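Visitor: Could you look at this predicted model? Sequence included:
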Amino acid sequence: MVFYFKARPDAGDYTIFMGLDKHENEDLIKYGFPEDIWFHVDKMSSAHVYLRLNKGQTMDDISEGVLEDCAQLVKANSIQGNKVNNVDVVYTPWFNLKKTPSMDVGQVGFHNSKLVRTVQVEKRLNEVVNRLNKTKVERTPDLKGTRFLSGIYFIFSF
């Protein structure tokens, strides 16, 4: 099960998504797209939240509003992080996530720490979280199949 959210309307057509639990996070880690940006509360347990950028965009293209949406969603979906103020949220491109066999389910590291950015979330903004939750849709996508088909499209799109 994956939860999908729509970013603030004035930001453009962006989809934000997260897994139901650490097992779905494993599939999201495994079958992500190069356009995906991963968000997580730093040094605390939290949801893995992803922002799918449009082709050709980079982390530098994320507006402050969309960044706030993703950071607020991560904070709201962290048991410990939701209870405290001034939490750090880290984010990095999906392809920078490093998963080794010795890591626990849902745990990741990074290939290159220089590609990891941090934004501080002072406090939970209920108006942002409530707006996002109103757009929440549950789906059970075929992540492997979607990733495979995307790869085929990429090969034949030249």
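Guide: Alright, I've got the coordinates.

Visitor: okay but residue 116 is in contact with residue 89, surely?
Guide: No - in this structure, residue 116 is not within contact of residue 89 by C-beta atoms under 8 Å, at 10.9 Å. C-beta coordinates here come from the backbone N, C-alpha and C atoms, glycine included.

Visitor: higher neighbour count, the two?
Guide: residue 89 (25 against 15; other C-beta atoms under 10 Å).

Visitor: For the closest residue to residue 80 other than its chain neighbours, what are phi and psi?
Guide: Nearest residue to residue 80 in three dimensions, chain neighbours excluded: residue 44, at 4.8 Å (C-beta to C-beta, 6 or more residues apart in numbering). Main-chain torsions, residue 44, degrees, to the nearest 10: phi -140, psi 160.

Visitor: Identify the residues contacting residue 44.
Guide: By C-beta atoms under 8 Å, 6 or more residues apart in numbering, the contact list for residue 44 reads 78, 80, 81, 87.

Visitor: Now for these: which two are most distant?
Guide: Based on C-beta to C-beta, the longest span within these runs between 80 and 87 and measures 8.6 Å.

Visitor: tell me, what's touching the two both at once?
Guide: Residues within reach of residue 80 and of residue 87 at once, by C-beta under 8 Å, 6+ apart, are 41, 44.

Visitor: In contact with residue 125, which residues?
Guide: Residue 125 is in contact with 68, 72, counting by C-beta under 8 Å, 6+ apart.

Visitor: ok, now with 7 Å
Guide: Contacts for residue 125 (C-beta atoms under 7 Å, 6 or more residues apart in numbering) come out as residue 72.
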